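Engineer: got a sequence here, can you model it:
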Amino acid sequence: MPPATPTYPSITEATMMPRLIRIGSNLYGAVFTLMKLLPAHYILQRAEHKGELGPDTVIVETTSGTFGLALAMQAALMRRKLILVSDPAIDANLYRRLTDLGARVEICQEPAPVGGYQTARLNRLAEIRAELPDTFCPEQYSNPDNPRSYATVADQLRRTLGTVDCLVGPVGSGGSMCGTTRALRTRTPHTVALGVDTHHSVLFGQPDGPRELRGLGNSLWPANLDHGVFDEVHWLSAAEAYASTRALHARHALFQGPTSGAAYQVARWWAARHPDRTCVVMLPDEGYRYQATVYDDAWLAAGGHAAVVRPAEPAQVTEPGAAGDRWSRLVWRRRSYDAVPGVVPHAPLAEGALS
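Structural biologist: Residues are numbered from 1 along each chain as shown. Model (predicted):
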């Protein structure tokens, strides 16, 4: 009998799980090449299995960042047509990668009067779906398969580290932090979850406004965000995140993006305060997209970020609006959104409203 032909993973399967790296006596990094590969792979594979992707189905999504890249990689491997709706914030290198992978990318040039570019993108997405006879939208912000996909990360953390006392990570769609935390708490209900956001994001009760730091925060409230998961919320400025990103590289040779830097700053602070407890920080993507920005001293200086001194600890606030423009911390206590004093009145998005 001839030997069995070995099977090898695709590039998405081979790189979607994090490497676990020790970066302190009690602090570990879950270091992703591209975190969004995990939900993109899981959502599209599940959709195909359930018959939601027929032979002529076109995948459509709205994104300005790494979820679009993850979808483009997976769609190329599955030989599927993909249309992405984005806005001018998408950088030229990412646009080139998306189109090289076969995606059609539409750019909304003007923001909507209410909801800005995100609403404009949603409106164009709806138009595209109305024009095509058969589409599938992954809907990362409302599809429960997004947080479900991170159960494998929780399993990996348990197998490698045993008990995880604290999980720290940036919050955008809510998928990674909510999914991983919920899965960890099936075994360790005490696991603390620290969500990292940025100022002028509506996710944890601040009014919407312009945000320089991308990849976390939001102008709209995603259905996958479960506020009751979080023990604390931290808001960081772009400058603080950039400085921490450079420190993460200089100190630990971890070349990650600015959302990783923001999460690292919070995790390092928590781990130092709890030296006998194990802390894991989610580091979502590598730094190659940011070589001309966060990793460029001239760019930092031009934006007024070069001389920023990272604070040693956050300012503790009692309501979201008091966070100011520096690193701030609110003890959330796993409360629902409406149970937290001082949050901006807000209604969750309808199912499928944002991706």
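Engineer: listing request: residues of the stretch 251-355 of the chain with sub-threshold pLDDT.
Structural biologist: Scanning the stretch 251-355 of the chain with the threshold set as pLDDT under 70 gives 347-355.
Engineer: middle-most residue in this structure, spatially?
Structural biologist: Averaging the C-alpha coordinates of the chain gives a centre point, and the residue nearest to it by C-alpha atoms, centre = their mean is Gly172 (4.9 Å).
Engineer: find the nearest non-adjacent residue to it, please.
Structural biologist: The shortest distance from Gly172 to any non-neighbouring residue, by C-beta to C-beta, 6 or more residues apart in numbering, is to Leu216 (4.9 Å). Any C-beta I mention is one placed from the backbone N, CA and C, and that applies to glycine too.
Engineer: now do the contacts for Ala267.
Structural biologist: Under the criterion of C-beta atoms under 8 Å, 6 or more residues apart in numbering, the neighbours of Ala267 are Leu27, Cys166, Val168, Leu194, Cys279, Val280, Val281.
Engineer: out of the residues you listed, which comes closest to Ser10?
Structural biologist: Sorting the contacts of Ala267 by how near they are to Ser10, with C-beta to C-beta, puts Val280 at the top with 26.5 Å.
Engineer: tell me if the closest one really is in a helix.
Structural biologist: No. Counting by DSSP: H, G, I helix; E, B strand; the rest coil, Val280 is not part of a helix but strand.
Engineer: got a list of what it touches?
Structural biologist: Leu20, Leu27, Tyr28, Gly29, Ala30, Leu157, Leu161, Val164, Cys166, Leu167, Val168, Ala267.
Engineer: quick check: the last one is in a helix.
Structural biologist: Right, Ala267. Yes. The secondary structure assignment for Ala267 places it in a helix, going by three-state DSSP.
Engineer: low-confidence ranges in the stretch 1-150 of the chain?
Structural biologist: Where the stretch 1-150 of the chain drops to pLDDT under 70, the residues are 1-6.
Engineer: packing partners for the longest strand anywhere in the chain?
Structural biologist: The single longest strand within the chain, with elements called by DSSP state E, is strand 192-198. Other helices and strands packing on strand 192-198, by 3 or more C-beta pairs under 8 Å, 6 or more residues apart in numbering; DSSP states H and E, are strand 166-170, helix 175-185, strand 232-236, helix 258-273.
Engineer: fine by me, we can end here.
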